[in-house]
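S.K.: Model the structure of this input:
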Amino acid sequence: MKHTFILSILLIAGVCFSEIHAQVKQVSIIDDLETFVPGEGIIQISSDPKIMELIGVLSPEVSVSTVDYLKANGFRIQVVMSNNPRTARKEVDNKGNIIKETFPDVAIYKGYKAPNWKLLVGDFLTKSDADAFKEKMLKSIPELGKEMYIVTDKINIPVQ
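M.R.: Numbers count the residues shown, from 1 in each chain. Below is the predicted model:
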């Protein structure tokens, strides 16, 4: 009877410990890389299990990217749209660098959709916000003024 009581206590303690241990999942960098993030690509890593042991786990103190984005309809400022095959990409890069130097916190989107290269700036929910920033850009970089237009686009809204 005494042995049965001790055995049952040990069994209960073992079950409780295993559940607590199961709830504290250790995440390796591979697990973090393979985690699906909306708006990003999918990563799959195939490796020998021994490599996984060598890599280790993420420390709780290590901050992994916590900024997520929601896609929404909004506005951006189109600074450049060119289809000149010789100069378009260089023009987009140069003007993008000028804007980034002047406004380091603003998002810049460079892209190509045949046959045009585009440079878009900002993520604005309202047209009036985009217009206000456009005026600010005109004052700081007047040489861009003749080409800037406000366009509708899918924008990124950071989620905290």
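S.K.: State the distance from residue 100 to residue 73.
M.R.: 25 Å (C-beta to C-beta, to the nearest Å). Where C-beta positions appear, they are placed from N, C-alpha and C, glycine not excepted.
S.K.: Looking at these two now, which is surrounded by more residues?
M.R.: residue 100 (14 against 9; other C-beta atoms under 10 Å).
S.K.: and the strand of greatest length in the chain, what does it pack onto?
M.R.: Secondary structure of the chain per DSSP state E: the longest strand is strand 68-82. Using 3 or more C-beta pairs under 8 Å, 6 or more residues apart in numbering; DSSP states H and E, the elements in contact with strand 68-82 are helix 88-102, strand 116-124, helix 127-140, strand 149-159.
S.K.: For my notes, confirm residue 85 occurs in a helix.
M.R.: No - counting by DSSP: H, G, I helix; E, B strand; the rest coil, residue 85 is not part of a helix but coil.
S.K.: burial count for it?
M.R.: 9.
S.K.: what bridges to the residue nearest to the spatial centre of the chain?
M.R.: Central residue of the chain (C-alpha atoms, centre = their mean): residue 68, 5.9 Å from the mean position. Counting by DSSP bridges, residue 68 forms beta bridges with residue 159.
S.K.: So it sits against residue 40, correct?
M.R.: No - with contact defined as C-beta atoms under 8 Å, residue 68 does not reach residue 40; the gap is 9.9 Å.
S.K.: contacting residues for the closest residue to residue 149 other than its chain neighbours?
M.R.: Closest residue in space to residue 149, ignoring its immediate chain neighbours: residue 78 at 4.8 Å, by C-beta to C-beta, 6 or more residues apart in numbering. Going by C-beta atoms under 8 Å, 6 or more residues apart in numbering, residue 78 touches 118, 119, 120, 147, 148, 149, 150, 151.
S.K.: if you set the cut-off to 10 Å instead, what comes out?
M.R.: For residue 78, the contact set (C-beta atoms under 10 Å, 6 or more residues apart in numbering) comprises 109, 118, 119, 120, 121, 134, 147, 148, 149, 150, 151, 153.
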